[in-house]
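> Next input, structure requested:
(2 chains)
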Amino acid sequence: MNRAKQRTALRDYYSTVFNFDDLSFIDFSRFATREFGFATFEGKFFRNISFETPKALFDFLVDRTPFHAYIGAVYNEPPSRETPIHTLEWYGHELVFDIDLNEYDAVRQFVCSCQGADQVCNRCWQLVNLAIYIIDETLRQDFGMNEITWIFSGRRGVHGWVTDDLGHSLNQEQRMSIIDYLSVIHGEADTARIQDRTKLKHEFRYRIEHTVFKYFLKTVRRKDLIDLGFSSSGASNIMKQLEHQEGQIDENLLRNFNLRVAKINKYDEILRRWVPRIDHKVTIDLRRLLRLPTSIHGKTGKIAQILNPSEIFSFNPEEAASIFTND
Amino acid sequence: MALPDWFILQQPPNLNIDIPEWKELAWNRVKLLEELPRGRSRIVRDHFPPVDNGSLRQTYYDYRLGAYLLRLVAATNRRLEAWLIETEGDLFEYLYSDRTSGEQKWEIFRCLFGSENVMTYEEFKYKMDERQNEYLANLYHQFHSARGRVSSDFLTCVHFSQVPWMVSNRRGYLRKGWVISNENSFRGSLKKAFEHKLQEEVVKAQDLLGVRESIDQAVEDIEKSLAKHTQIRSQFSSTEFEGRDLQSHPEIFPPCMIYLFSEFENTGRLIHAHRLQLGFFLKKIGMSVEEQLLYWYEKSVDNLNITYEHFLRTSGYQIRHLYGLEGGKKDYNVPKCSTIATSYFCPFVHLAPAILLEFLSQNYLTQKKSITPMRNRLEKIVSQSGRNPTMACTMYFPNIYKRSLYRKIVHPLQWARYASKVEGLMIDQEEGDSSVQEEVERNH
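As a prediction, this is how the structure comes out:
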């Protein structure tokens, strides 16, 4: 699709489908002092932009049809070219999480055969699903946060928005502590060995192990088990059991699998491949611009749609509709 | 129950006092703080007797008065402020553990974390409806049945936002936003909260300056006399590398440092231990404190929302500490490889084999030539790393610089020294370093 058509498609989307009410989960009580940013079709990027009213933002989107639209933090005064954000006092920003399949590049080979930055399949999307489940559950159970919304980024990941009042005012150190708590891998790169499991205490440890094994079994192939070090008969046994239970993973199966994994000492290896990998910079950067929910990802033409809580785990990014069609 | 009398962050004292007498009290406090590093237990024993029958109330009141004047002095001089916060923090830590009853501890928790952020174990259980929580019950059972439990210790709950270090390190049971643990495990966070609050009080104290001339004069006198605390005692990095600007030559960095260096370049963040490791190294290869302050400020994502001034007041303290300009004024060295392996970051120890292989084959480029080490050699190094990381590091050196080593690499600076000679970055011969020079020459 050429640029002119893309521009038309974007204008049609923003003028007919885009609804500001969909963003009601975000606190817009200080709308005028919130920062927005945009990327143009020409590749230019602008930030330090604010709008007096949601209507003004809406008109801007329709008139200018930006390639990408981003939303940032709230400041004490409206950001502008004359008063850029570094001259303003930071007031608040939702606690956000970015899960992107890029972070999994070192381990994705064990799950599927996708290669390169643009490929994504239902199998590797399970890595994202698993991360969503663990982060969501941990934020609710351990951190007492209740208002969590997950948004498809439009390409290869999701953004988690925690809109509780507390999350809005957390400083960098506090945000970093949440990331550290959620990070089971030692070191920031997708690399290192799994943390000492005795340091993962109580429910969190149980949650991680239980969920990872569940998702592992959900997508496992016989060759994965063999590669991991299972004997041929052991692998067949597990596969038969899975077949017999028609993919349903119950406690018995998990316990059986757990014992077998312990025997070959591959516990950490499975965790290393599957545990959530969060782009921590997005979470701790208080001035970060994040894709505006329900806006369009300029490269794919897909909507950064809000994921319905009951359908999060059945969402398939490959099937997400793009407004850039060749019809 | 009230806060203990020795606790200095209480209501401001009555300032209608004789100024010379007040100065005297401030000097007494200075002496006490100065002696602290030399004899902690003696200070606590002599100045803060264990039995307080009320007769010491006036003495403690005088201590608080003295401490208050010192806060005014600290408000005029940043270096003094840092010194005061560091030493008062230490004293607080000692007195908290040695001279505080259980109920007083509870009051300190409420004062430092805020009463809305602290709950007793029982309160938490009922308010949060956690009576059926088996993990919580287990925790309670473990705590009460632990051998060697101190009778004054108690379970307490603090909101997670107040104790980020404990959350990061998973110290305690985190449930519904509250960290539940025994009082003892909150001590580090309490000390930090105390130091933070003291810093706030120092900022507030600035309002009192310029109001009464006599107070200003007293503050000025003490500030002048305390000048020694504002001097730079460190010799900076008087090392063989000084002035050679080697920090702009990452090609001489050992693998651990190049990993951290590029990690920080890419992500803008390193955990505390890694920051220290890189900071010590950059200092020792000749980066000045000002350069390093700018380096961490510009590169770190943590500083995006703060001004350089603010950075200097907060994180800057740690960097100055590296150079021996704050705290204990010690000129730290780079940790040796064995210490790095256990407490810091060594790629040969901490990276998974596949990732280590990738790192070794891709991330090491010199400015003179692009090195592509043989895959099979690297595989040998990786297999060696599991058994003997320092040997693996030594084996890796010739792959990069095409020079053999006859000594094992046991210190990051050793690598930097050898590499800088191969790269021609050190021209003159250093005293005591002839063996290295000879060794390199022999291989040319």
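> Nearest spatial neighbour of B:Asn184, chain-adjacent residues omitted?
Nearest residue to B:Asn184 in three dimensions, chain neighbours excluded: B:Asp153, at 5.4 Å (CB to CB, 6 or more residues apart in numbering or on different chains). Where C-beta positions appear, they are placed from N, C-alpha and C, glycine not excepted.
> which stretch of helix or strand covers the residue nearest to B:Gly89 when sequence neighbours are not counted?
Excluding the flanking residues, the one nearest B:Gly89 by CB to CB, 6+ apart is B:Glu195, at 4.4 Å. Take DSSP states H and E as the rule and B:Glu195 turns out to sit in helix B:187-205.
> For A:Phe97, grab phi and psi.
phi -130, psi 140 (degrees, to the nearest 10).
> my bad, B:Pro335
According to degrees, to the nearest 10, B:Pro335 has phi -60, psi 150.
> ok, it - contacts?
If a contact means CB atoms under 8 Å, 6 or more residues apart in numbering or on different chains, then B:Pro335 has B:Gln277, B:Phe280, B:Ser343, B:Tyr344 as its contacts.
> please redo it, this time with the cut-off set to 7 Å
B:Gln277, B:Phe280, B:Tyr344 (CB atoms under 7 Å, 6 or more residues apart in numbering or on different chains).
> Next up, the contacts around the closest residue to chain A within chain B.
As assessed by CB to the nearest CB, chain A sits closest to B:Gly177 within chain B, at 3.1 Å. B:Gly177 makes contact with A:Phe143, A:Gly144, B:His159, B:Phe160 under the criterion CB under 7 Å, 6+ apart.
> Excluding covalently adjacent residues, which one is nearest to it?
Per CB to CB, 6+ apart, closest to B:Gly177 is A:Gly144, 3.1 Å.
> Make sure that neighbour is indeed in a helix.
No. Under DSSP: H, G, I helix; E, B strand; the rest coil, A:Gly144 sits outside any helix and is assigned coil.
> where's it relative to A:Ser232, distance?
According to CB to CB, to the nearest Å, A:Gly144 stands 47 Å off from A:Ser232.
> of the two, who's got more company?
A:Gly144 (17 against 10; other CB atoms under 10 Å in any protein chain shown).
> pLDDT wise, what is that one at?
On pLDDT, A:Gly144 comes in at 93.
> For it, grab phi and psi.
Residue torsions, per degrees, to the nearest 10, at A:Gly144 are phi 70, psi 30.
> Could you verify my assumption that it touches B:Ser161?
No. Shown here, A:Gly144 and B:Ser161 do not form a contact pair, counting by CB atoms under 7 Å, at 10.6 Å.
> which residues of the stretch 201-350 of chain B fall in helices?
B:213-225, B:255-267, B:272-284, B:289-299, B:308-313, B:315-322, B:337-343, B:347-350 (DSSP state H, counting those that start in this stretch).
> Give me the distance between the fourth one and the centre of its chain.
Yep, that's helix B:289-299 we're talking about. 17 Å (CA atoms, centre = their mean, to the nearest Å).
> hey, C-alpha coordinates of that helix in CSV?
Extracted in CSV, the C-alpha atoms of helix B:289-299 (Å, rounded to 0.1, in the frame of the first residue of the first chain):
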residue,chain,number,x,y,z
VAL,B,289,35.6,12.3,39.5
GLU,B,290,34.1,15.1,37.5
GLU,B,291,34.3,13.0,34.3
GLN,B,292,32.7,10.1,36.0
LEU,B,293,29.9,12.2,37.5
LEU,B,294,29.1,13.5,34.1
TYR,B,295,29.4,10.0,32.6
TRP,B,296,26.9,8.4,35.0
TYR,B,297,24.6,11.4,34.8
GLU,B,298,24.5,11.4,31.0
LYS,B,299,24.3,7.7,30.3
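> Would you enumerate the residues in contact with A:Val261?
A:Tyr267, A:Ile270.
> same question, A:Phe25
Contacts of A:Phe25 (CB under 7 Å, 6+ apart): A:Thr149, A:Trp161, A:Thr163.
> Could I get those residues in CSV, plus columns for distance to B:Phe186 and pLDDT?
Output for the contacts of A:Phe25, formatted as CSV (distance: CB to CB, whole Å; pLDDT from 0 to 100):
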residue, distance to B:Phe186, pLDDT
A:Thr149, 33, 95
A:Trp161, 31, 96
A:Thr163, 30, 94
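> want to throw those residues into TSV with neighbour count and distance to chain B?
Formatted as TSV, the contacts of A:Phe25 follow (neighbours: other CB atoms under 10 Å in any protein chain shown; distance: CB to the nearest CB, whole Å):
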residue	neighbour count	distance to chain B
A:Thr149	17	19
A:Trp161	20	18
A:Thr163	17	15
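> Of the residues you listed, which belong to strands?
Those of the contacts of A:Phe25 mapping onto strands are A:Thr149, A:Trp161, per DSSP state E.
> how about stretch A:224-243: buried residues?
A:Asp224, A:Leu225, A:Leu228, A:Phe230, A:Ala235, A:Asn237, A:Ile238, A:Met239, A:Leu242 (16 or more other CB atoms under 10 Å in any protein chain shown).
> Now the terminal residues of stretch B:155-169, how far apart.
End-to-end distance for stretch B:155-169, by CA to CA, to the nearest Å: 18 Å.
> Tell me if that stretch is near chain A.
Yes. Applying CB under 7 Å from any CB of the partner chain, one finds stretch B:155-169 touching chain A at B:Phe160, B:Ser161, B:Pro164, B:Val167, B:Ser168.
> Give me the contacts around that stretch.
A:143, A:166, A:170, A:173-174, A:176-178, A:180-181, B:109, B:113, B:117-121, B:124, B:140, B:143, B:172, B:174, B:177-180, B:182-183, B:186, B:188-189, B:193.
> Any idea which residue of chain A lies closest to chain B?
A:Gly144 (3.1 Å).
> Spell out the residue ranges of the strands in the chain.
Just so you know, I chose chain A. Going by DSSP E, chain A shows strands at A:34-39, A:45-49, A:68-75, A:90-92, A:95-100, A:148-152, A:157-162, A:290-291.
> Let me rephrase: I mean chain B.
Using DSSP E, strands in chain B cover B:118-120, B:155-159, B:173-175, B:178-182.
> Make CSV out of those and add mean neighbour count.
Formatted as CSV, these follow (neighbours: other CB atoms under 10 Å in any protein chain shown):
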stretch, mean neighbour count
strand B:118-120, 19
strand B:155-159, 22
strand B:173-175, 23
strand B:178-182, 23
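> so A:Ile26 makes contact with A:Thr163?
Yes. Under the criterion of CB under 7 Å, A:Ile26 makes contact with A:Thr163 at 6.3 Å.
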